[in-house]
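In: got a predicted structure here, sequence first:
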Amino acid sequence: MASPATNSATKDIVLIGGGIMSATLGTLLQHLEPTWNIRILERLDALAEESSGPWNNAGTGHSALCELNYTPVAADGTIDISKAVVVNEQFQLSRQLWAFLVESGEIPDPSSFIRTTPHMSFVWGAANVDYLHRRWQALREHPLFAGMEFSDDYDVIKKWAPLLIEGRRPGEAIAATFHPAGTDVDFGTLTKALTDNLVARGATVEFGADVKLVHRTNDGVWHVIGRHHDTKEKFHHTADFVFVGAGGRALPLLQKSRIKEIKGFGGFPVSGEFLRTSKPELVSKHLAKVYGKAAVGAPPMSVPHLDTRVIDGKRHLLFGPYAGWTPKFLKKGSWLDLFGSIKGDNIAPMLTTGVHNVPLTWYLITQVLSSSSRKFKDVLDFFPEAQQGDWEKVVAGQRVQVIRPDGTLQFGTEVIVGDEGTIAGLLGASPGASTATPIMLQILDQCFPDHREAWAPTLAELVPTYGTKLGDDAELATATLERTAKALQLI
């Protein structure tokens, strides 16, 4: 078990939001500084009820094994795999932290939140088949993607995922890649396991704690003020460091903190839906996560995929997501969220974003106005024999895409650090939960630079390859993948 890295003075840490990000940051801090006081404030009555909840995300262990949006075609026609490598490297850091916690006995049962689920890419049409083959050729020699297979043979693909082939028109140009070491992750269960461990080691969690204001006084102390929605009692906590990991609430809370680093940032909410079936004869025939190509103008979170999911011990199939739109910043948010986030400093960037993202706007309009029958036709591209009556709609989580001060719309995660590293927050979404560990390590590096040297030995124990690139060392990559797979019971 990791030991304290330093005996520095006790600090009060407040983490706003009871999702995977706060749970991960709290876990790292507790191992690095066991004497620091950690308090998690969650607005709802349970953990992981928003984006971290299992029905509010795809549950994919995002490692770019199947996600085609991470391997675009470069200007010279080659396949650019740089983003795919970065995403895979990031996920390996998360796996290493989870493996450490399992090995140390802090998470007793990894099968409760992660399991092996093959990752596939699937395309149709001659041009897309050619693209997928070139993508496979570009990735297969990289140590993090070793073992990926390609086929355009109906019989082979049927062996991998029968539902993709049954009822398909003979002679159609199709192709797929298959990687056996993909994962399905229940980030809600993982969040609860991490938080239970935090509490067992001395942290505090407050539910129903609706934070209204975060501000810093002249003495350098942060004040976190709000009200408990059940008792209506006010609360007032002071902190040396505040992390705002509240999903869609992060933007307005950071705006209220008045740190200069948040000026000019805005948010564009995008909601989503999945179709779900739990019919045993279908669920038993599809044991993979199969990703296709996104529609023109679609945000990365709307890449269509047909997934096997295991939640609370029961297997399901999900197809989607279908993008939608509401002005809410959270699934259980307010219809006034978007309008309340508009400030004098971000009006121009938000207008600029609207002008330069007409395809996205049109895509969202068409998605919102599409009938259930029209949406179901998308399922048939993946599963030709699907019957609409076997599926039900599931409303997914709400995402707030980042609008940067220069007017660009960013689909990744933006780390905001202010007031000399005493406050940090996250904006944005994809790839989200899978990259919780590297993002939190980035926050530690930016917010606690004076502790970097003292923390290095403990961090090397928690995430052994932090600071190195697995892609540059095939032996290290193989050893790391094997070690984490064994610890997490994936082999």
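Out: Nice, thanks for sending it over. Numbers count the residues shown, from 1 in each chain.

In: quick one: the strands in the stretch 301-450 of the chain?
Out: For the stretch 301-450 of the chain, strands defined by DSSP state E, counting those that start in this stretch occupy the ranges 305-311, 314-324, 392-395, 399-403, 409-410, 413-418, 423-428.

In: take these and lay them out in a markdown table including distance to residue 230.
Out: In short, each C-beta sits where N, CA and C put it, glycine included. Formatted as a markdown table, the entries for the strands of the stretch 301-450 of the chain read as follows, by distance: least, Cβ to Cβ, whole Å:
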| stretch | distance to residue 230 |
| --- | --- |
| strand 305-311 | 27 |
| strand 314-324 | 30 |
| strand 392-395 | 25 |
| strand 399-403 | 26 |
| strand 409-410 | 36 |
| strand 413-418 | 30 |
| strand 423-428 | 26 |
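
In: comparing the ones you listed, which yields the minimum mean pLDDT?
Out: When those are ranked by mean pLDDT, strand 409-410 comes last with a mean of 84.

In: which neighbours in the sheet does it have, and how are they oriented?
Out: Partners of strand 409-410 in the sheet, by DSSP bridges, are strand 399-403 (antiparallel).

In: tell me how many other residues crowd the residue lying closest to residue 183 once chain neighbours are set aside.
Out: The shortest distance from residue 183 to any residue other than its chain neighbours is 3.4 Å, reached at residue 61 (Cβ to Cβ, 6 or more residues apart in numbering). For residue 61, the neighbour count with other Cβ atoms under 10 Å is 25.

In: my guess is residue 61 contacts residue 434. True?
Out: Yes. Because the distance of 5.8 Å satisfies Cβ atoms under 8 Å, residue 61 is recorded as touching residue 434.

In: quick check: the residue nearest to residue 183 vs residue 110, distance?
Out: Separation of residue 61 from residue 110 (Cβ to Cβ, to the nearest Å) stands at 12 Å.

In: swap in residue 485?
Out: Remark: distance between residue 485 and residue 110 (Cβ to Cβ) = 10 Å.

In: more neighbours: which of these two?
Out: For residue 485 against residue 110, the residue with the higher neighbour count under other Cβ under 10 Å is residue 110, and the figures read 20 against 16.

In: flag the shaky bits of the stretch 1-150 of the chain, pLDDT-wise.
Out: For the stretch 1-150 of the chain, applying pLDDT under 70 flags the ranges 1-8.

In: now do the helices in it.
Out: 20-32, 82-103, 126-139 (DSSP state H, counting those that start in this stretch).

In: buried ones in the longest one?
Out: By neighbour count, with 16 or more other Cβ atoms under 10 Å as the criterion, the buried positions of helix 82-103 are 84-103.

In: and the nearest residue to residue 27 once chain neighbours are set aside, how many neighbours does it have?
Out: Nearest in space to residue 27, with sequence neighbours left out and distances taken as Cβ to Cβ, 6+ apart, is residue 194 at 5.2 Å. A count of nearby residues for residue 194, using other Cβ under 10 Å, gives 27.

In: begin at 40 from now on, thanks
Out: All right, first residue 40 from here; so that's residue 233.

In: correct me, but residue 233 touches residue 63?
Out: Yes. Judged on Cβ under 8 Å, residue 233 makes contact with residue 63 at a distance of 6.7 Å.

In: contacting residues for the residue nearest to the spatial centre of the chain?
Out: The centroid of the chain falls nearest to residue 471 when counting by Cα atoms, centre = their mean (2.2 Å). Taking Cβ atoms under 8 Å, 6 or more residues apart in numbering as the criterion, residue 471 is in contact with 90, 96, 101, 452.

In: okay if I get those residues as CSV plus distance to residue 346 and neighbour count?
Out: As requested, these are exported to CSV (distance: Cβ to Cβ, whole Å; neighbours: other Cβ atoms under 10 Å):
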residue, distance to residue 346, neighbour count
90, 17, 26
96, 11, 27
101, 12, 25
452, 22, 19
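
In: what about residue 441, distance to residue 362?
Out: From residue 441 over to residue 362 (counting by Cβ to Cβ), the distance is 17 Å.

In: and for the nearest residue to residue 58 once chain neighbours are set aside, the neighbour number?
Out: Using Cβ to Cβ, 6+ apart and skipping the chain neighbours, the partner closest in space to residue 58 is residue 91 (3.9 Å). Residue 91: 29 surrounding residues under other Cβ under 10 Å.

In: what's the answer for residue 487, then?
Out: When counting by other Cβ under 10 Å, one arrives at 18 neighbours for residue 487.

In: pretty sure it contacts residue 461?
Out: No. In this structure residue 487 lies outside contact range of residue 461 using Cβ under 8 Å: 10.1 Å.

In: sorry, back to before: mind putting the helices of the stretch 40-189 of the chain in a markdown table, distance to residue 240 included?
Out: Formatted as a markdown table, the helices of the stretch 40-189 of the chain follow (distance: least, Cβ to Cβ, whole Å):
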| stretch | distance to residue 240 |
| --- | --- |
| helix 59-71 | 6 |
| helix 121-142 | 12 |
| helix 165-178 | 40 |
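
In: host element of the residue nearest to residue 301 when sequence neighbours are not counted?
Out: The spatially closest residue to residue 301, leaving aside those adjacent along the chain, is residue 293, at 4.4 Å (Cβ to Cβ, 6+ apart). In this structure, residue 293 sits in helix 289-296 according to DSSP states H and E.

In: got the angle for that helix vs strand 438-442?
Out: Helix 289-296 runs at 50 degrees relative to strand 438-442, counting by axes from the mean of the first three to the mean of the last three Cα atoms, to 10 degrees.

In: with just CA atoms, put helix 289-296 into CSV.
Out: As requested, C-alpha coordinates have been extracted for helix 289-296 and formatted as CSV (Å, rounded to 0.1, in the frame of the first residue of the first chain):
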residue,chain,number,x,y,z
ALA,A,289,-18.7,23.5,-13.2
LEU,A,290,-19.0,26.4,-15.6
PRO,A,291,-21.5,28.5,-13.6
LEU,A,292,-19.6,27.8,-10.3
LEU,A,293,-16.3,28.7,-11.8
GLN,A,294,-17.8,31.9,-13.1
LYS,A,295,-19.1,32.7,-9.6
SER,A,296,-15.5,32.1,-8.3
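
In: of the helices of the stretch 40-189 of the chain, which approaches residue 107 most closely?
Out: Taking Cβ to Cβ as the criterion, helix 165-178 is the member of the helices of the stretch 40-189 of the chain that comes nearest to residue 107, at 7.2 Å.

In: end to end, how far does stretch 233-249 reach?
Out: Start to finish, the residues bounding stretch 233-249 are 22 Å apart (Cα to Cα, to the nearest Å).

In: how near is the nearest residue to residue 406 once chain neighbours are set aside to residue 140?
Out: Sequence neighbours aside, residue 362 is the residue nearest to residue 406 in space, at 4.6 Å (criterion: Cβ to Cβ, 6+ apart). Using Cβ to Cβ, one obtains 35 Å as the distance from residue 362 to residue 140.

In: got a list of what the residue nearest to residue 58 touches?
Out: Counting by Cβ under 8 Å, 6+ apart, residue 91 has contacts 58-59, 226-227, 230, 472.

In: for residue 261, state which of those residues is nearest.
Out: In terms of Cβ to Cβ, no member of the contacts of residue 91 lies closer to residue 261 than residue 58, at 20.2 Å.

In: what about that closest one, how many residues nearby?
Out: Taking other Cβ under 10 Å as the definition, residue 58 ends up with a neighbour count of 29.
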